[in-house]
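S.K.: Sequence plus the predicted model coming up.
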Amino acid sequence: MSHKNDHNPMSYRVSAKMETAMRHIQEFGSNTLYAERRSRTLLSEVISQTISDLTVPCPGIDQKYWSNKANNINIAANKIDMLLIHPGETFSFWHTVGKTTKRKGYLESSIISDNHVMLGVGGGLCMFVNAINRLVRLSPLEVTEAHFQSDALVPDQGERVPLMTGTMINYNFRDFRFTNPTHQVYQLHVYCLNDMLYCELRCEDSIKNGYRIVEKDHHFRKEGDSYFRVSKIYRETFDKETDEVLQSELILDNHSRVMYDYDLIPKDQIKDN
């Protein structure tokens, strides 16, 4: 089964402008302390890291736009690389990266809005934000704003890894933000090389506890004429020495519309209502 892109781009742009204006009003006079300082040197301890393939296609988007996605992520990564997040500071993706425009070198690629795929200047950055989201969830840093879309855009490649996709941004009303409630300085080290995106979260010293992302009750379910991926995704804080779970936090009550051919859904993962 295929999914036709019938989302109205003009309606999306009008709605986005209204939401952006509202966000600017909300931010006016805000006392948020944003992370803005960079370092020329890397902090010593790697807390979490991830590698993403920039060539993964998006359904409904021509192959010629795949390289545009890599271009856009590379520009944004250069804005964020080596950024320090001091105690009490907030990282905001849009505050750091700014608006994506042609003048800054951004190109058209895939944008997903309400599970519909379209083209837009600066498209493809959701993949970058998703990688940062995973880094932060595996640390003591606290996510204060995150938005999600379908994480069933394409069939799983190999073993299922929760939270590998699905994080969503739109300038600037859907942001990704996290704060540093610890007494240490943290650092984002992000760069593109050979069609791969490399991301690291670093800090000054080792941390006491460990963190992991756990998915429970993962399955697919038919609702009406559509299929959905259903699961609950948690961040577990555990004692590094004993592996005792100290805290379990629900990150996402996942209910994602499947955006690819339903025949590719593993039959043994489909459950009745």
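M.R.: Looks like it came in fine. Numbering: from 1, shown residues only.

S.K.: So which residues of the chain form helices?
M.R.: 9-27, 66-80, 93-97, 125-137 (DSSP state H).

S.K.: Give me the neighbour count for Arg38.
M.R.: 13 (other C-beta atoms under 10 Å). Quick note: C-beta positions are derived from backbone N, CA and C, even for glycine.

S.K.: That one contacts Leu83, correct?
M.R.: Yes - between Arg38 and Leu83 there is a contact under C-beta atoms under 8 Å: 5.5 Å.

S.K.: Give me the nearest residue to the spatially most central residue of the chain, chain neighbours excluded.
M.R.: The residue lying closest to the centre of the chain (C-alpha atoms, centre = their mean) is Asn130, at 1.8 Å. The shortest distance from Asn130 to any non-neighbouring residue, by C-beta to C-beta, 6 or more residues apart in numbering, is to Thr167 (3.9 Å).

S.K.: ok, what's across the strand from the one you found?
M.R.: Beta-bridge pairing for Thr167 (DSSP bridges): Phe148.

S.K.: hang on, it packs against Phe176?
M.R.: Yes - counting by C-beta under 8 Å, Thr167 does reach Phe176; the two are 6.6 Å apart.

S.K.: how far away is Glu45 from Leu201?
M.R.: 10 Å (C-beta to C-beta, to the nearest Å).

S.K.: Of these two, which one has the most company?
M.R.: Leu201 (25 against 15).

S.K.: So what pairs up with Lys222 in the strands?
M.R.: Applying DSSP bridges, one finds that Lys222 bridges with Tyr227.

S.K.: So for Glu45, what's the pLDDT?
M.R.: According to the per-residue confidence, Glu45 scores 98 in pLDDT.

S.K.: Contact partners for it?
M.R.: Arg202, Cys203, Glu204, Asp205, Ser206, Ile207 (C-beta atoms under 8 Å, 6 or more residues apart in numbering).

S.K.: Could you tell me the phi and psi values at the fourth one?
M.R.: Meaning Asp205. Torsion angles at Asp205 (phi, psi; degrees, to the nearest 10) stand at phi -130, psi 170.

S.K.: what about stretch 217-227, average pLDDT?
M.R.: Stretch 217-227 comes out at a mean pLDDT of 97.

S.K.: May I have that stretch as CSV, with CA atoms only?
M.R.: The C-alpha trace of stretch 217-227 is given here as CSV (Å, rounded to 0.1, in the frame of the first residue of the first chain):
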residue,chain,number,x,y,z
ASP,A,217,5.1,-3.9,24.1
HIS,A,218,6.2,-3.0,20.6
HIS,A,219,3.8,-4.2,17.9
PHE,A,220,1.8,-3.1,14.9
ARG,A,221,-2.0,-2.6,15.0
LYS,A,222,-4.6,-2.0,12.3
GLU,A,223,-7.1,0.8,13.0
GLY,A,224,-9.7,1.3,10.3
ASP,A,225,-7.8,1.1,7.0
SER,A,226,-4.4,2.2,8.5
TYR,A,227,-1.7,0.5,10.4
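
S.K.: which residues make contact with it from outside it?
M.R.: 160, 162, 228-232, 257-258, 262, 265-266, 269-273.

S.K.: Check which residues of it are buried.
M.R.: Residues Phe220, Arg221, Tyr227 are the ones in stretch 217-227 that count as buried (16 or more other C-beta atoms under 10 Å).

S.K.: May I see the residues you listed arranged in JSON lines, with distance to His116 as well?
M.R.: Shown next, in JSON lines, are those (distance: C-beta to C-beta, whole Å):
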{"residue": "Phe220", "distance to His116": "20"}
{"residue": "Arg221", "distance to His116": "21"}
{"residue": "Tyr227", "distance to His116": "17"}
